[in-house]
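# only geometry, no sequence info:
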């Protein structure tokens, strides 16, 4: 690699997103390799049109647009070429995409998830079970689970607090894993919490850890592994994205019961643990719902709640709350730190 080329690559790297920098540089390198092969020393619209016509023999229309997007960012820095006004090239991409239907990510329903978590043997599938739980409850991306470390978890004794850095925004979000999912995750992290810098996902075979980090490609295959265990004929069409995508169709209530999300406006409150403070013994979750038809499950010995009334209960024995016949309902969750162990719902 020449000095000039190395300097250009370094300048490009400075303006690229850290998470996808490698992808940008790989796409640009592929383009420059093609130019060298064709003995072309410059970039123009006819040159790129010829390049994308070759790519169209290999890639789907969605992938062609992806290559175009990445080159649109790298070429101005590397070669001082702006391709935003290459309308003939964009017309070619648009023509290629006509009639193309991108495959939707296949998802798991509540019965599939319960079946896998209950019946898949831990000695072979424990890391996959934990990834499924994080993907649905998080909901976490494969890259987020790949980067997750032991220090991102806090064992509360009966629940696991996950403090996750969102890969795109670099901000943190918190969520709780409670019974019965806590028991599965607790088994996987047992004995490893004393090393906060260690990566969460290590290989686990025949009931023993292997001192080897699980690679990103393994996360992408986990959806297929779950579908294969469940004897799906189309198991090869599932991927790591299937976990997070399944979260949109799943409800996990306060007792850890999994069910499919109803199509009606009514929604069951997932968990009062969400976004709770890392110090659970001092956490209070304050919620308000401006709807007169809100009702509380009386089987939990809590009186029916009207608007602006408060309910107090221990954070570990919170009642299940169901909102029915709701229209234009707004739920606000605020974190308040107190010295008591009570959760207040307004």
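Done, it's in. Remember, it's a predicted structure, so these values are computed and weren't measured experimentally.
# straight-line length of stretch 202-209, end to end?
End-to-end span of stretch 202-209 (C-alpha to C-alpha, to the nearest Å): 7 Å.
# any chance you could map the strands in the stretch 151-300 of the chain?
153-155, 160-165, 172-177, 202-205, 208-213, 250-252, 258-260, 283-289, 295-296 (DSSP state E, counting those that start in this stretch).
# mean pLDDT lowest where, among those?
Lowest mean pLDDT within the strands of the stretch 151-300 of the chain: strand 283-289, at a mean of 33.
# ok, residue 28 - contacts?
12, 70, 71, 74, 75, 78 (C-beta atoms under 8 Å, 6 or more residues apart in numbering). Where C-beta positions appear, they are placed from N, C-alpha and C, glycine not excepted.
# okay if I get the residues you listed as JSON lines plus pLDDT?
Output for the contacts of residue 28, formatted as JSON lines (pLDDT from 0 to 100):
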{"residue": "12", "pLDDT": "52"}
{"residue": "70", "pLDDT": "92"}
{"residue": "71", "pLDDT": "93"}
{"residue": "74", "pLDDT": "91"}
{"residue": "75", "pLDDT": "93"}
{"residue": "78", "pLDDT": "89"}
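# check what pLDDT the residue lying closest to residue 132 once chain neighbours are set aside gets.
Nearest in space to residue 132, with sequence neighbours left out and distances taken as C-beta to C-beta, 6 or more residues apart in numbering, is residue 243 at 5.5 Å. Looking at residue 243, its pLDDT reads 89.
# residues in contact with residue 243?
Neighbours of residue 243 in contact, by C-beta under 8 Å, 6+ apart: 108, 131, 132, 134, 135, 136, 139, 140, 222, 223.
# from those, which land in helices?
131, 132, 134, 135, 136, 222, 223 (DSSP state H).
# below-threshold pLDDT in the protein: ranges please.
1-15, 18-19, 102, 167-169, 251-346 (pLDDT under 70).
# show me where it has helices.
3-15, 21-37, 45-55, 61-78, 87-97, 110-119, 122-137, 142-147, 181-189, 216-229, 241-246.
# okay, the residue nearest to residue 132 and residue 216: tell me how far apart.
14 Å (C-beta to C-beta, to the nearest Å).
# grab the nearest non-local neighbour of residue 237.
Nearest to residue 237 is residue 106, by C-beta to C-beta, 6+ apart, at 5.4 Å.
# would you check how far apart that neighbour and residue 226 are?
11 Å.
# over to residue 201?
On the measure of C-beta to C-beta, residue 201 and residue 226 end up 16 Å apart.
# who's more crowded, the two?
Using other C-beta atoms under 10 Å as the criterion, residue 201 and residue 226 rank with residue 226 on top: 27 against 21.
# now do the contacts for the nearest residue to the more buried one once chain neighbours are set aside.
The shortest distance from residue 226 to any non-neighbouring residue, by C-beta to C-beta, 6+ apart, is to residue 116 (5.3 Å). Contact analysis of residue 116 by C-beta under 8 Å, 6+ apart lists 108, 125, 129, 132, 226, 229, 230.
# let's see that with 10 Å instead.
Applying C-beta atoms under 10 Å, 6 or more residues apart in numbering to residue 116 gives the contacts 108, 125, 128, 129, 132, 225, 226, 227, 229, 230.
# could you pull out the buried residues of stretch 20-35?
24, 25, 27, 28, 31, 32, 35 (16 or more other C-beta atoms under 10 Å).
# scratch that, stretch 86-99
So for stretch 86-99, counting by 16+ other C-beta under 10 Å, buried means 86, 89, 92, 93, 96.
# of those, closest to residue 48?
Nearest to residue 48 among those is residue 89, at 5.5 Å by C-beta to C-beta.
# shouldn't the closest one be in contact with residue 65?
No - assessed by C-beta atoms under 10 Å, residue 89 is found out of contact with residue 65, at 11.1 Å.
# can you lay out the helices of the chain as TSV showing distance to residue 205?
Shown next, in TSV, are the helices of the chain (distance: least, C-beta to C-beta, whole Å):
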stretch	distance to residue 205
helix 3-15	37
helix 21-37	29
helix 45-55	40
helix 61-78	35
helix 87-97	43
helix 110-119	18
helix 122-137	7
helix 142-147	19
helix 181-189	13
helix 216-229	12
helix 241-246	21
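# what's the closest of those to residue 155?
Here helix 181-189 is closest among those (C-beta to C-beta), at 7.1 Å.
# residues making contact with that closest one?
117, 122, 126-127, 129-134, 136-137, 150, 153, 155-160, 162, 176-177, 193, 198, 200-202, 204, 209, 252, 256, 258.
# give me the buried positions along it.
Buried-residue list, helix 181-189, by 16+ other C-beta under 10 Å: 181, 182, 184, 185, 186, 188, 189.
# again with stretch 129-140
129, 130, 131, 132, 133, 134, 135, 136, 137, 138, 139, 140.
# leaving out sequence neighbours, find the closest residue to the fifth one.
Meaning residue 133. Counting by C-beta to C-beta, 6+ apart, the nearest residue to residue 133 once its immediate chain neighbours are dropped is residue 181, at 4.7 Å.
# now swap in the first one and tell me
Closest residue to residue 129 in three dimensions, ignoring its sequence neighbours and counting by C-beta to C-beta, 6+ apart: residue 184, at 5.3 Å.
# mind listing what residue 210 touches?
Neighbouring residues of residue 210 by C-beta under 10 Å, 6+ apart: 202, 203, 204.
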